[in-house]
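Participant: Fold the following, please.
(one chain, ligands or ions: 1)
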Amino acid sequence: MRIAMIGTGYVGLVSGACFSDFGHAVICVDKDAGKIEKIERGVMPIYEPGLQELVATNVKAGRLSFTTDLASAVANADAVFIAVGTPSRRGDGHADLSYVFAATREIAAALRKPTVIVTKSTVPVGTGDDVERIVREVAPNAQAWVVSNPEFLREGAAIADFKRPDRIVIGSEDEHASSMMREVYRPLYLNQAPILFTGRRTAELIKYAANAFLATKITFINELADLCEATGADVQDVSRGIGLDNRIGSKFLHAGPGYGGSCFPKDTLALLKTAEDYQSPIRIVEAVVQVNDTRKRAMGRKVIRAMGGDARGKTVAVLGLTFKPNTDDMRDAPSLALIQALKDAGAEVRAYDPEGLEQAKPMLPGVEFADDPYQAAAGADALVIVTEWDEFRALDLKRVASILAAPVLVDLRNIYTPAEVERVGLQYHGVGRGIALEAERQNDAA
Ligand SMILES: NC(=O)c1ccc[n+]([C@@H]2O[C@H](COP(=O)([O-])OP(=O)(O)OC[C@H]3O[C@@H](n4cnc5c(N)ncnc54)[C@H](O)[C@@H]3O)[C@@H](O)[C@H]2O)c1
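Facilitator: Numbers count the residues shown, from 1 in each chain. Modelled structure (predicted):
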């Protein structure tokens, strides 16, 4: 099968590379010539474990290529995937569909044979109808079917997720289009990956429902973490205690600084906008969005409290800037709001991230950047772990204690236990660990 992938970002590049690895002939298109030129030189425009090797192997095998020429890629394709961005529209939180519609127009104008047009971008319910209308307007005589195929991969584990998905969702109104999609995913189908065929609108909504549910789970445990702090309980044990219940499950129950990233913040907002438009409110998600927004800055206040209540003139070392480990993606990372709150309170910030520095630097003016965790920590008045990169799980805590100007470790991902931190003479400040709160109280009183 010949596939054209429009948009060569986190989703398009990974999906395109994986489809080619299944044996399809894939051409990835991006309007960003710099990105395409980089990939052709073998340099990945994003950090995703295993991606460089996967791309190189399939380019070498002649199954994967890259171009800025959308028209020729589409003209030869049996299936065209739209994987362009759908960020939040400024002002009202609705998904900005301008990239999807612009790509649709270009695709429609380039159609030369029967083609399935597949929306992989996350788009609000009903967008497939709009895409179909545009195709009919631009190319009234073209034979084209519009299908929804939302993507569920996680950055940092994107290739494994794509190749071994929990499920594949196909929203289609046409039997021929459905059978084409079955062909596209045949290798996974043979591997027993559950493939769910639904109506197009249903498929679009499934993606938002999934992300909103996961964001709710995270926010639930975050609020419980606050209650743990207030009552002397430990959220790590609460999380384990409820997560072992199969009806609940242990995933997405890690208390932390609030969710971020390129999907949950914008997708929860877009779902609320849809709910409003259809006068069918989803109050639980409204609360999730509000709680999460306030949480990120609250983490700044937590750090300031840990430093004795005053940040002015103090230096805070921040470890981890990306919204999660194993990606360089800085979109809506909790570190951004946290660092802003610290700077607003008069602190200097020195930060380190294993892969995110290039993206982070333009977003964090006035922040000093270090080459490693110890350089960040040297002489700082507090060390704050914001993203749980593996590199930070095995810090030499004795060394950290010896180079910090004040013995304060704020572990916003609970990757250390209070005991191992306190053993080296550092004060431990985790999230939702009421057991370690006594130290914080003594600090407040001092
Ligand atoms: N990033 C994730 O983890 C993830 C996971 C699941 C779903 N999604 C969804 O997938 C979509 C893409 O997300 P992303 O993170 O890959 O975005 P991205 O911003 O990394 O990539 C989008 C790419 O599309 C290109 N583009 C835009 N218009 C184009 C056009 N007309 N022709 C050719 N190229 C064009 C841009 O230059 C950019 O390189 C979004 O809807 C997102 O919500 C993302």
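
Participant: Up against the ligand, what does the protein have?
Facilitator: Contact residues (CB under 6 Å from any ligand atom) of the chain with the ligand: 6-12, 29-32, 35, 70, 83-86, 99, 102-103, 106, 121-122, 151, 153, 155, 262-263. To be clear about C-beta, it is placed using only N, CA and C from the backbone, and glycine gets the same treatment.

Participant: From the residues you listed, keep the buried residues only.
Facilitator: 6-12, 29-31, 35, 70, 83-86, 99, 103, 106, 121-122, 151, 153, 155, 262-263 (16 or more other CB atoms under 10 Å).

Participant: Let's see which of those end up in helices.
Facilitator: 10-12, 35, 70, 99, 103, 106 (DSSP state H).

Participant: a markdown table for the residues you listed, including distance to Asn58?
Facilitator: Formatted as a markdown table, these follow (distance: CB to CB, whole Å):
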| residue | distance to Asn58 |
| --- | --- |
| Tyr10 | 18 |
| Val11 | 17 |
| Gly12 | 14 |
| Lys35 | 17 |
| Leu70 | 20 |
| Tyr99 | 26 |
| Ala103 | 23 |
| Glu106 | 25 |
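
Participant: Among the residues you listed, give me the pair with the biggest separation.
Facilitator: Farthest apart among those by CB to CB are Tyr10 and Glu106. That separation is 21.0 Å.

Participant: Verify the contact between Arg312 and Ala345 for me.
Facilitator: Yes - between Arg312 and Ala345 there is a contact under CB atoms under 8 Å: 7.0 Å.

Participant: of these two, who's got more company?
Facilitator: Neighbour totals were compared for Arg312 and Ala345, and Ala345 leads with 18 against 9 (other CB atoms under 10 Å).

Participant: how about the nearest residue to that one, chain neighbours excluded?
Facilitator: Nearest in space to Ala345, with sequence neighbours left out and distances taken as CB to CB, 6 or more residues apart in numbering, is Ala311 at 4.0 Å.

Participant: shaky segments in this structure?
Facilitator: In the predicted model of the chain, residues 435-446 satisfy pLDDT under 70.

Participant: which one's the longest helix in it?
Facilitator: In the chain, with assignment by DSSP H, the single longest helix is helix 200-231.

Participant: Next, the buried residues of it.
Facilitator: Using 16+ other CB under 10 Å as the test for burial, helix 200-231 gives 200-201, 203-208, 210-212, 214-226, 228-229.

Participant: helix or strand right after that helix?
Facilitator: Beyond helix 200-231 on the C-terminal side, the first helix or strand identified by DSSP states H and E is helix 235-243.

Participant: how much does that following helix deviate in direction from helix 200-231?
Facilitator: Here the directions of helix 235-243 and helix 200-231 differ by 140 degrees (axes from the mean of the first three to the mean of the last three CA atoms, to 10 degrees).

Participant: Could you list the buried residues of whichever helix or strand comes after helix 235-243?
Facilitator: Next in sequence after helix 235-243, counting helices and strands by DSSP H and E, comes helix 264-277. Buried residues in helix 264-277, counted by 16+ other CB under 10 Å: 264-275.

Participant: same check, this time on stretch 339-355
Facilitator: For stretch 339-355, using 16+ other CB under 10 Å, the buried residues are 339-343, 345, 347-355.

Participant: got it, and stretch 137-153?
Facilitator: 138-139, 142, 144-153.

Participant: Closest to the ligand out of these?
Facilitator: Among the buried residues of stretch 137-153, Glu151 lies closest to the ligand (CB to the nearest ligand atom), at 4.1 Å.

Participant: Now do the same contact list for the closest one.
Facilitator: Applying CB atoms under 8 Å, 6 or more residues apart in numbering to Glu151 gives the contacts 11, 15, 83, 120, 122, 162, 207.

Participant: This completes my enquiry, with thanks.
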